[in-house]
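Q: Build me a model from this:
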Amino acid sequence: MQQILNLLKKPKIKVIGLISGTSADGIDTVLVEINKKNLKVKELLFRTFLYPEKLKQQILQLSTVSNPDLDEVCRLNFVLGEYFSDAALRLLKGSKYKIRNVDLIGSHGQTIRHLPKLTEFFGKKIRGTFQIAEPSVIAKKTKVITVADFRPADIAVGGEGAPLVPYPHFLLFADSKKGTAILNIGGIANFSAWSKKSSKIIAFDTGPGNMLSDFLMKKLFKKDFDRNGGVALSGKVNLALLKWSLEHSYFTRRPPKSSGREEFGENFAGKFLQQAQKLRVSQTDIITTAGELTVQAVFLAYLKFIQPKFKVEKFLLTGGGEKNLYFKKRLNEMLKPVKVKSVNIKGLNPDSLEAVCFALLGYLTILGRPGNLASATGGKPTILGKICLP
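A: Got it, this is the predicted structure:
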């Protein structure tokens, strides 16, 4: 406990943030300095460490099968703890920073199951979420206090466990002069938005981000993703396929709501592809229509849940989708006169932002401050995460 008390005395601390998203490409690893007084964040180092291809496929397989092998999940939890530890140490290699200079690690881990729907189970109504990459391994291997497993605490107080980045978004991007929306397009796309007059934040998952397109690019073009949205830009939207896709019940559900691979992963993508083949849609147009589904889901959510409440004057884009020129083009067309800009205009890297958010959430836990928002997850404000000592 003395180690935690020592952290509380410091006016500034150095924190490593770790996360692997729903695409399971690798571990985003960032080192930041956080000012205790105002929670201002300065990014110092950032790298992404890709998973070996066989490990990535194992993660994706265990994330999609309905009855994963428990032995394999157990081993994967510990092996990812090793990989996350290695990522933290490799980030600092060759830099002026040493692991002894790091005060804290905030690790989101790797989600392999997210079940936000309230379900009756053995006489109790419960939700569930499961992130792995054993934090005890990270703490012991790096010899740094590690905060991890943030989502279960929100579920324990009535929330869906996601999205958790909205409060960090507000801390990083709050602007008293303009209504602001942050759109994060990772595997799943999610909104954080607030008016210039209020700190009340609207936040929710809009639906598929890159996840659907990534699956289809692999299936149809043997590529991991649509680089810069080039394939989507070269095709046309098939309106019948788009209409069929938008009939998914998730899009009409009111916030707070969250989603994941269970809703828009391989099962949905397989049905999307079957429907496309039934309609005789070309391979290129399938990718364009998948991209259009992402932006239409964002736009419809914006019209229904954000625009009626306040005017958005600043619209910032982050996540892997920030590089997708199709997303940028269509969002700018639909949202004008509001211009969609990258978060990097604020000096923050769209690739590292989620890892930065979990570094910040880890520090909030140490400070004894809530990291979730009732308006985002539906859960009462609470302190998130579990603290593992070196």
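
Q: F315: what's it in contact with?
A: 180-181, 183, 331, 335, 338-341 (C-beta atoms under 8 Å, 6 or more residues apart in numbering). Any C-beta I mention is one placed from the backbone N, CA and C, and that applies to glycine too.

Q: Bridged to it, which residues?
A: Under DSSP bridges, the beta-bridge partners of F315 are A181, V340.

Q: Could you report the distance from L89 to Q131?
A: 21 Å (C-beta to C-beta, to the nearest Å).

Q: So those two - more neighbours on which side?
A: Q131 (23 against 17; other C-beta atoms under 10 Å).

Q: now the residue in the chain sticking out farthest from the centre: how far from G270?
A: Distance to the chain centre peaks in the chain at R280, reaching 33.6 Å (criterion: C-alpha atoms, centre = their mean). Using C-beta to C-beta, R280 is found at 18 Å from G270.

Q: After the helix or strand that contains G128, which helix or strand is next?
A: Using DSSP states H and E, G128 maps to strand 124-132. Using DSSP H and E, the helix or strand that follows strand 124-132 in sequence is helix 135-142.

Q: Name the strands paired with the helix or strand following that next one and say parallel or antiparallel.
A: Beyond helix 135-142 on the C-terminal side, the first helix or strand identified by DSSP H and E is strand 146-148. If you go by DSSP bridges, strand 146-148 pairs up with strand 104-121 (parallel), strand 386-388 (antiparallel).

Q: Can you add mean neighbour count and give the ones you listed back as CSV?
A: Output for these, formatted as CSV (neighbours: other C-beta atoms under 10 Å):
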stretch, mean neighbour count
strand 104-121, 21
strand 386-388, 18
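
Q: Format those strands as a markdown table; extra columns: distance to E266 and mean pLDDT.
A: Formatted as a markdown table, the strands paired with strand 146-148 follow (distance: least, C-beta to C-beta, whole Å; pLDDT from 0 to 100):
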| stretch | distance to E266 | mean pLDDT |
| --- | --- | --- |
| strand 104-121 | 13 | 96 |
| strand 386-388 | 30 | 98 |
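
Q: between those, which gets nearest to G378?
A: G378 sits nearest to strand 104-121 of all the strands paired with strand 146-148, at 9.0 Å, using C-beta to C-beta.

Q: distance of V343 from T365?
A: Applying C-beta to C-beta to V343 and T365 gives a distance of 24 Å.

Q: confidence score at the nearest residue to C388 once chain neighbours are set aside?
A: Nearest non-adjacent residue to C388, counting by C-beta to C-beta, 6 or more residues apart in numbering: A139, 4.0 Å away. Note on A139: pLDDT of 98.

Q: Contact partners for A139?
A: A139 touches 105, 145-146, 388-390, counting by C-beta under 8 Å, 6+ apart.
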